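> Sequence first, then the predicted structure, then my questions.
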Amino acid sequence: MSSPLKTWGYLLLLFASRLGLHAEVQVGDAFPALSVIGPTGAELPTTAGKITLVDFWASWCAPCKASFHSYAQIQTDYRSHGLLIVAVSVDEKQDAFDGFVKKLSPAFFVVRDKDQLLVRQVRVPAMPTCYLLGRDGRVRFVHQGFYGAETDRQIRHELDLLFSENTSTP
C-alpha cells in the first residue's frame, strides 16, 4: 500500500509527463543565478563555491510540506560541511507563502519567486523539484517529487558524494 505522499508525487509526475513538461535545466547545466528572482526582502545567499540544494515548492503542495521536514534535518546534519539550502516558493500570493513559512519555520533560506522568473527559466516540471548543485554551480542531481525516506536517503547519498569530491586542482 503506497502512502498518500507517494501517491501525490506520482500524480504530479504523471501530470507533468503527460503535458510533455521537462526541466529546462538538466544535470550538467549551470544553474541560473538566484538573483534573477529580484528583490525578496531578504538578502539572497551566495552560492559560489558551495554545495547547494535548490528546492522549488508551493504552499498547496502536500509533498512539499513533507520535504521541508526532511530538509531541516539534512540542513542540521550537513551544516558543518557548508551545505546551503535555498527553498524557492512559486506561490503568487504573499499570504500563502507567509502562512506556510510561519507554520513550518524552516531552518534554511526561503525565498518567494513572486513573478516566477526563476521557475520559468529552470522550467520546473513538478512540485516539489530539487536541484543539487556542485561547488561549480552546475546541476549534479535532480529530484522530481518527494517520496519521503527514499528521497531523503538518495539526497544524503548524493551529498556525501559531492562533499567527498576533491576540490583541489593539480
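Okay, I see it.

> what about the strands in the chain?
52-57, 84-89, 109-112, 129-133, 139-144 (DSSP state E).

> can you redo these as TSV with mean neighbour count, distance to residue 37 and mean pLDDT?
(Glycine included, C-beta is placed from N, CA and C.) Formatted as TSV, those follow (neighbours: other Cβ atoms under 10 Å; distance: least, Cβ to Cβ, whole Å; pLDDT from 0 to 100):
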stretch	mean neighbour count	distance to residue 37	mean pLDDT
strand 52-57	25	11	96
strand 84-89	23	7	94
strand 109-112	21	6	92
strand 129-133	24	15	96
strand 139-144	19	18	96
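
> okay if I get these as JSON lines plus distance to residue 71?
Converted to JSON lines, these look like this (distance: least, Cβ to Cβ, whole Å):
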{"stretch": "strand 52-57", "distance to residue 71": "7"}
{"stretch": "strand 84-89", "distance to residue 71": "6"}
{"stretch": "strand 109-112", "distance to residue 71": "10"}
{"stretch": "strand 129-133", "distance to residue 71": "8"}
{"stretch": "strand 139-144", "distance to residue 71": "11"}
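
> Residue 96: which of those strands is closest?
strand 84-89 (8.3 Å; Cβ to Cβ).

> Tell me the strands beside that closest one, with direction?
The strands beside strand 84-89 in its sheet (DSSP bridges) come out as strand 52-57 (parallel), strand 109-112 (parallel).

> Now do the shortest one: distance to the chain's middle.
I take that to be strand 109-112. Remark: strand 109-112 is offset 11 Å from the chain centroid, using Cα atoms, centre = their mean, to the nearest Å.
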